[in-house]
Each structure stands twice: as C-alpha cells, then as structure tokens.
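# Build me a structure from this.
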Amino acid sequence: MVRFWRRRFLLAGCWLLVTPLQAPAQQAGKVWRIGFLTTRARPEALERDFLSAWVPKLRELGYVDGKNLAIEWRFAGGDNDRLPALAGELVRQSPDLIITAGTPAALAAQKATASIPIVIAGVADPVGFGLVASLSRPGANITGASIMATDVSVKSLEFLRAFVPELSRVAVLLNPTNPIDPAALKQIRIAAEPRSVGVAAFEASTADQIDTAFAAIARSRVEALIVAPDPLLVNQARQIVDAVTRLRLPAIYPFRPFVEVGGLMCYGQDIYANFRVAATFVDRILKGARPGELPVEQPTQLVLVVNRSAADAIGVKLPSSILARADEVL
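Numbering: from 1, shown residues only. Presented below is the predicted three-dimensional model:
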C-alpha cells in the first residue's frame, strides 16, 4: 500500500513538472492578428514613421511580425470618409485587437465593434469624444495612450511671440473633419483673446485644399501660424512646411515630423513615444487584461523641438529664450 501511494506521488510530481513546460509550447504556434487603422496615407518609409513605432516595441516584448504576429494595415489616404468601411473590413477579419491612430480612426473603430479590443494612439481627450467612460476606468473595449493636443495653446502663442513680440494676428490651419481640430481652435481663441491676438482660421481636409488655404493665408497678412494636430496635415507635412517657408512665416507645429522636414518648431508630446506606449497596452491585452480595466495613459512631458536651418530659411534668428527652453535643437 505504501509503495502504491509513493508511486502515485511520484507520478503527480512528474506531471506538475511537465505541465508548465507544455503551456509555452502550445502558445508557440499562436499567431496574433492585429489590425491597424489610420486616416493617413501609407508613408513611403513606414518603418521610420511614428505610425509603426509600436512594431519594434512589440518585438522587444516577444511579438515578431511574420512569426507570431500578423498585421493588417489600413490607410484611408487622408480621407476620413473612408474610415468606416476600412474599420468594417478589419472587424470582419476578426483580429485579436485593433490599433487606431488619431481620433477619427478611433471613432470609426468604436462604431464598428464593441467586442474586439481597441488600443488608441494619437488621440486627445478620449473622454470628451466619448471613446472611454473615464481615464482611470475606460469601461468598455477601448484603452490606450492619449496625447495633449488641445491644451498647449498658451505655450504655443508664447513661443510664437518670442519670434514676433508684437504679434497681433495668427493663422490656424486645421482639418474641420477631425473633431480634435475645432476643439484646438477654440482653445487657441481662448488663449489669444486676453493677449489681444486675432485668430484667423483656415480649413483644409485634402491636399488641394491645403494649397488653397495657403493662398488665402498669403492674402491675410497674418504674422505667424499654428498648425492643428491632424493625421492628414501630418501626412502633408512637407507640403505645409514648404508653403510656410515660401511665406517666411514663423510657425509652430504639433508633432516632430514637421520639424524633421524643415519646420521651425513643434511643441507637444513625443508622438513616437506615444505609439511605443500603445504597444505595452497591446501586450497586456493579449496576455488577458481587459481593456476597460486598463487606465488610459496620459502624457507626462511636453517637448519643444527647434530647427536652426528652418529659422535661417524664413530669415529669423532663434531667440535666446527659445534656445534655453528647447528640449532639442536640430
């Protein structure tokens, strides 16, 4: 009898040792399927664009595209009207998770599915736009990393006034089809009023309309320019920066890609870091966490990046106050 129970005990012990080793082997064949949705057109060098900054971060976490990860990319080519159909395509493929870039894409994905987890990136005020119930407890199938895109107006005006001390009229380029941009314009007007700065809004929701907007800006006699945060405008960064350079206007942009192609300065969150943070949400959800229980991560640091060559191109000197405040000078 003793020999019988000793044998049973040894067999049970062997089973406990073997079972944990089998679980990873069973997961080894799993290929996680992730959908990605954005308003933007596909960048020529996607691997160097912030839209794909989450891919190498996921690789660090053990998810390798082409091995245990399959990505379905969907680009709307700058047309927000295409987002609902593209979101529907992704949902019909039943991915394990969808990543969205920008508020319009997030709203389209939200309407397309209430069950597939959605990780947001590049979204400002997800509570205000109804994407989550609260930042601390999103409550449904959406969570991720937010950006601060509508609350930087006062600083943006201060930075522009360093170049134009008697600033009296500023232009704002925005995409009216992106709900963030009208909200950003409202904040700019609120910040500008006590400073006696007039605000002139110029709208563009296509590349052709950007050219039309700049023709109007040229006639408006504004002294500086603020570019609102928007995927289409980011996609057309070089077109916008070239137009600003021709007009020799001091301008401030929302994200670093504008400065990388010759823009004067940008102020806001590191958008590359924002998308890398999104990868950590993907990892946690794929490991079993519920999106509605993962607090939305808010930006903790805003950065000012300045381009010396851009200052030379528009014929201005970089003020000492800007150089002292800049986190990076290109």
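# Quick one: name whatever helix or strand follows the one helix or strand residue 200 maps to.
Using DSSP states H and E, residue 200 maps to strand 198-203. Per DSSP H and E, strand 198-203 leads on to helix 207-220 as the next helix or strand towards the C-terminus.
# Skipping adjacent residues, who's closest to residue 38 in space?
Closest residue to residue 38 apart from its sequence neighbours, by Cβ to Cβ, 6 or more residues apart in numbering: residue 101 at 3.8 Å. Just so you know, the C-beta spots here come from the backbone N, C-alpha and C atoms, and that holds for glycine as well.
# mind checking how far that neighbour is from residue 167?
Computed as Cβ to Cβ, to the nearest Å, the residue 101 to residue 167 distance reads 33 Å.
# With neighbour numbers in mind, choose between the two.
The neighbour comparison of residue 101 against residue 167 (other Cβ atoms under 10 Å) goes to residue 101, with 27 against 21.
# quick one, what contacts that one?
36, 37, 38, 39, 40, 51, 121, 122, 231, 275 (Cβ atoms under 8 Å, 6 or more residues apart in numbering).
# Please apply the same query to residue 266.
The contact partners of residue 266, by Cβ under 8 Å, 6+ apart, come to 252, 253, 254, 255, 256, 258, 259, 304, 305.
# what helix or strand is the closest residue to the first one other than its chain neighbours on?
Once its chain neighbours are removed from consideration, residue 252 has its nearest residue in residue 156; the separation is 5.0 Å (Cβ to Cβ, 6+ apart). In this structure, residue 156 sits in helix 153-163 according to DSSP H and E.
# sorry, back to before: quick check: can you name the pairing partners of the strand holding residue 200 and their directions?
strand 169-174 (parallel) (DSSP bridges).
# List the buried residues in the partner strand.
170, 171, 172, 173, 174 (16 or more other Cβ atoms under 10 Å).
# And for stretch 121-135?
Here stretch 121-135 shows 121, 122, 123, 124, 125, 126, 129, 131, 132 as buried, counting by 16+ other Cβ under 10 Å.
# got the contact list for that stretch?
54, 99-103, 106-107, 110, 120, 138-140, 142-150, 179-180, 183-184, 229, 231, 271, 274-275, 277-278, 295-296, 298.
# For ChimeraX, write the selection for the buried entries among the residues you listed.
The following ChimeraX line selects those of these that are buried, judged by 16+ other Cβ under 10 Å:
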select :54,99,100,101,102,103,106,107,110,120,138,140,142,143,144,145,146,147,148,149,150,179,180,183,184,229,231,271,274,275,277,278,296
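# what's around residue 297, how many residues?
Neighbours around residue 297, by other Cβ under 10 Å: 16.
# How about it, nearest residue that isn't a chain neighbour?
Residue 297 sits nearest to residue 145 (Cβ to Cβ, 6+ apart), 4.7 Å away.
# quick check, that neighbour in a strand?
Yes. Assigned with DSSP: H, G, I helix; E, B strand; the rest coil, residue 145 falls within a strand.
# my guess is it meets residue 279, correct?
No. Assessed by Cβ atoms under 8 Å, residue 145 is found out of contact with residue 279, at 9.4 Å.
# Can you show me the strands along the stretch 1-150 of the chain?
32-38, 69-75, 97-101, 118-124, 142-147 (DSSP state E, counting those that start in this stretch).
# Just tell me which of those ends up closest to residue 83.
strand 32-38 (6.9 Å; Cβ to Cβ).
# got the contact list for that closest one?
51, 63, 68-76, 83, 86-87, 90-91, 93-102, 105, 108-109, 231, 282, 286.
# just the CA coordinates of that strand, formatted as CSV?
Below are the C-alpha coordinates for strand 32-38, written out as CSV (Å, rounded to 0.1, in the frame of the first residue of the first chain):
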residue,chain,number,x,y,z
TRP,A,32,-1.6,37.1,-33.0
ARG,A,33,-3.6,39.1,-35.6
ILE,A,34,-3.6,42.9,-35.2
GLY,A,35,-5.5,45.4,-37.3
PHE,A,36,-4.2,48.9,-37.7
LEU,A,37,-6.4,51.9,-38.8
THR,A,38,-5.4,55.4,-39.7
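# Neighbouring strands of that strand in the sheet, and parallel or not?
Here, using DSSP bridges, strand 32-38 pairs with strand 69-75 (parallel), strand 97-101 (parallel).
# Pick the most buried one from those.
strand 97-101 (a mean of 27; mean count of other Cβ atoms under 10 Å).
# Output that strand as CSV - backbone C-alpha positions only.
Written as CSV, here are the backbone C-alpha positions of strand 97-101 (Å, rounded to 0.1, in the frame of the first residue of the first chain):
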residue,chain,number,x,y,z
LEU,A,97,-7.0,43.5,-31.4
ILE,A,98,-7.2,46.8,-33.4
ILE,A,99,-4.8,49.7,-33.0
THR,A,100,-6.1,53.1,-34.2
ALA,A,101,-4.1,56.2,-35.0
